[in-house]
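Kindly generate the corresponding structure for this input.
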Amino acid sequence: MTAATPPAARPADVTVLGRGAGPAAQARAAYGALSARLADPHNALLTEFVTLAALDAHQELAAVRAAHFPDAAGSARTVVVESLPDPDALLAVRAGSRTAAGDGTVRLPTVLPVDDHGDVAHPDDFPAQYAYCLRKAGRLLKSAGLSLDHAVTTFDYTTPATRRAYPACSGPRRELLGGAGVFPGAGGILMSRLHAPGILVALDVTASRHPLSSVNPGWSRYDTLTYSPGVLAGRTLHMSGFAALDMETQQALHQGDVVAQTETVLRAVLEVVAAAGGGPEHLVSVEEYLCPPAVADRAAVTAARTRILGAASRPAVTSVGCATLLRREFLTELFPTAVLPAPAEEGTR
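The predicted structure is shown next:
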């Protein structure tokens, strides 16, 4: 049997919702709470989940972040979201440890199709903006001694207006990714608007200094796709976004039932974790995106997660609302990460 990873060895993700009157006040409260709770604030990996109502205050939010976490600028991410669990919260901030699992992970800040002069590149051209973001990510990785061949996940955020054009992003993905034989995991979320007018895509890229191996439970649909269900790098299993899909027929499942969709998604996630040699107890974090019809069922979704994962699994969960997903039938999509046990933690069979 494989022993469960001791809680102290798990990456510590903390998510804090904003409190107060206005975006800047909420940011000060959230970042102040995080800096007080983190054992090593200098090593924090930050992700801001900013609602549409706070989006125009992004410069103020960045200033607050810089005041509390001056070392985070090179890796901080900003995800635009439709809603948060608390309707009064304008933003939420998640912090993880830069040294969690000690696995050589390199996390880029959110990549936008904006040039050095602050102008949006390739206005109204979604595939060109997508390619621009990938190449920009490649330049950032090169400065860290890596390349896009080291990418383990690429999570993109687009708008409903790009849905028809979205399949065209497979062209630049096939051209620029997977050069070492392993395509990264991927996920796609749609928000009603992004960081600034004219921006059609925002890209979050994570890479690793370790050799990469694709993890697939045997799903043939990935044979022709430009992403993998999971990528193992060191002990960390970086996974694609998962929605309620039949992996053989590619049919959407359980239309209109977010609880059943959540259960289906989690079973697929556990299949990938099992294919890498882990179990539910090795899940360390989950980003959960809920479409508007599903937001009211968040408590039932949480109960379904507990039921499927079991008591031994306690991943850090960040739940936010999105506008829609790439297929209209989907009500939720999950971005999971697992850390497998080190050899010293393995028991005997």
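
sec struct for the nearest residue to residue 85 once chain neighbours are set aside, please.
Nearest residue to residue 85, sequence neighbours excluded (C-beta to C-beta, 6 or more residues apart in numbering): residue 319, at 5.8 Å. For every residue, glycine as well, the C-beta is placed using N, CA and C. Following DSSP: H, G, I helix; E, B strand; the rest coil, we place residue 319 in the strand state.

List the contacts of residue 319.
Contacts for residue 319 (C-beta atoms under 8 Å, 6 or more residues apart in numbering) come out as 85, 288, 290, 298, 301-302.

Same check on residue 74?
Each residue near residue 74 by C-beta under 8 Å, 6+ apart is listed here: residue 109.

What separation is there between it and residue 152?
Separation of residue 74 from residue 152 (C-beta to C-beta, to the nearest Å) stands at 18 Å.

repeat for residue 43
Going from residue 43 to residue 152 by C-beta to C-beta gives 20 Å.

Comparing these two, which residue is more hemmed in?
Under the criterion of other C-beta atoms under 10 Å, the comparison of residue 43 against residue 152 puts residue 152 first, with 26 against 15.

Helix, strand or coil: sort out the closest residue to that one other than its chain neighbours for me.
Computed as C-beta to C-beta, 6+ apart, the closest residue to residue 152 that is not its neighbour in sequence is residue 238, at 4.0 Å. Following three-state DSSP, residue 238 is assigned to strand.

Which pLDDT value belongs to residue 238?
Residue 238 carries a pLDDT value of 97.

Please give the number of neighbouring residues around it.
Residue 238 has 25 neighbours, counted by other C-beta under 10 Å.

Enumerate every residue touching it.
Counting by C-beta under 8 Å, 6+ apart, residue 238 touches 152-153, 184-185, 206, 208, 230-232, 337.

Kindly report the same for residue 115.
Taking C-beta under 8 Å, 6+ apart as the criterion, residue 115 is in contact with residue 121.

Could you measure from the residue nearest to residue 152 over to residue 45?
As judged by C-beta to C-beta, residue 238 and residue 45 stand 14 Å apart.

and if you look at residue 14?
Distance, residue 14 to residue 45, using C-beta to C-beta: 11 Å.

list residues touching both of those two?
Shared contacts of residue 14 and residue 45 (C-beta under 8 Å, 6+ apart): 95-96.

More neighbours: these two, which one.
Neighbour comparison, residue 14 and residue 45: the larger count goes to residue 45, with 21 against 16 (by other C-beta under 10 Å).

Once you drop chain neighbours, what's closest to the more buried one?
Spatially, and ignoring its direct neighbours in sequence, residue 45 is nearest to residue 96 (4.5 Å; C-beta to C-beta, 6+ apart).

Pretty sure that neighbour sits against residue 13.
Yes - counting by C-beta atoms under 8 Å, residue 96 touches residue 13, with 4.7 Å between them.

What's the separation between residue 174 and residue 126?
Distance, residue 174 to residue 126, using C-beta to C-beta: 16 Å.

out of these two, which sits in the busier spot?
Remark: of residue 174 and residue 126, residue 126 carries more neighbours, 21 against 12, as counted by other C-beta under 10 Å.

Contacts only, for that one.
Each residue near residue 126 by C-beta under 8 Å, 6+ apart is listed here: 158, 162, 165-166, 168-169, 200-201.

I'd like those as CSV, with pLDDT and secondary structure appended.
Shown next, in CSV, are the contacts of residue 126 (pLDDT from 0 to 100; DSSP: H, G, I helix; E, B strand; the rest coil):
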residue, pLDDT, secondary structure
158, 98, strand
162, 95, helix
165, 96, coil
166, 97, helix
168, 96, helix
169, 96, helix
200, 97, coil
201, 98, strand
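
Going by distance to residue 131, which of those residues wins?
The nearest member of the contacts of residue 126 to residue 131, counting by C-beta to C-beta, is residue 169 at 8.1 Å.

next one: phi and psi at the nearest residue to the closest one once chain neighbours are set aside?
Nearest non-adjacent residue to residue 169, counting by C-beta to C-beta, 6+ apart: residue 130, 4.4 Å away. Residue 130 has phi and psi values of phi -60, psi -50 when expressed as degrees, to the nearest 10.

Quickly note the distance from residue 130 to residue 205.
The gap separating residue 130 from residue 205 is 12 Å, by C-beta to C-beta.

Where strands are concerned, which of the contacts of residue 319 count?
Residues of these located in strands (DSSP state E): 288, 290.
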